[in-house]
Every structure is written in C-alpha cells, then in structure tokens.
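Visitor: how does the following fold in three dimensions:
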Amino acid sequence: MNNVNLLGRLTKNPDIRYTQSNIPVANFTLAVNRKFAKQGEERKADFIQCIAWNKTAEFMQKYIQKGQQIAVTGRIETRNYEDNNGNKHYITEVVVESVDFADSKKEEQPVDITEDVISAQGDDLPF
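Guide: The predicted structure is shown next:
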C-alpha cells in the first residue's frame, strides 16, 4: 500500500502550470519537521517535493500560500530521466490527492460598517 500523510509548511507559493492539454499542475515543496531532535540541537525538517493535479492544483492556486501549514494525503512516485549529457536523474515526489488547511484560523480584521449604516439611514430604506 502506497499512502502518504504529511503535515508541513509551504516553502514558497505553489508553482502552477498547464499541460499542453490544459490540465493544471501545481509543484511545491513542503517543509515537514522531524518528530525528534538530538539534545542540544534544533529540530530538523525534511523538504519534500510534491505535485498536485487538476482540481487539487486549482484549489492550491486559489487558497494556499507560502508559509501556510497544510496537511496533504497522497502517494509516493519515483521516476527517472536522462539529460542531454547522458546523466541519469532520479526523482521521488508525493503525488497529492487531497489538501487540507492545518493552520489555526486567523482572527479576522474588524470591518468598519459605519459608512454603510449612515448611508442606509433616511428615506431610502427598502422597508
């Protein structure tokens, strides 16, 4: 079974591109803290390459930004290719199937509705 669950922060905004068939694809790196740190050392993080397709990519483009903590579920895929110089490159990445917000909800800024209330007073009220 190939199932991955990660909780981490985006290192930069997702890079959204479109295939020749106009399918959206988002590439991003997730910084995931390790559970333990050696005594006297800072906790280390792993930087995991991720890729999301279709509606998941579109969702990320609209709502996910650098620094946000997210939870992703997906699977690990490996691939390789040979460059023009004959060097072989190996890539391991998480293919993301779902994304969830993991940050605590930020306090919303108070909205000043004074002008709206004042302009609604008077003879022009709809009731």
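Visitor: mean confidence (pLDDT) on the one helix or strand residue 94 maps to, please.
Guide: Of the helices and strands defined by DSSP states H and E, residue 94 is found in strand 88-101. For strand 88-101, mean pLDDT rounds to 96.
Visitor: what is that strand packed up against?
Guide: Counting by 3 or more Cβ pairs under 8 Å, 6 or more residues apart in numbering; DSSP states H and E, the packing neighbours recorded for strand 88-101 are strand 45-53, helix 54-63, strand 69-82. For glycine as for every other residue, the C-beta is placed from the backbone atoms N, C-alpha and C.
Visitor: run through who's touching the longest one.
Guide: Counting by Cβ atoms under 8 Å, 6 or more residues apart in numbering, strand 69-82 makes contact with 2-10, 30, 50, 64, 88-103, all of which sit outside it.
Visitor: out of the helices and strands in this protein, which is least certain?
Guide: helix 114-120 (a mean of 40; mean pLDDT, DSSP states H and E).
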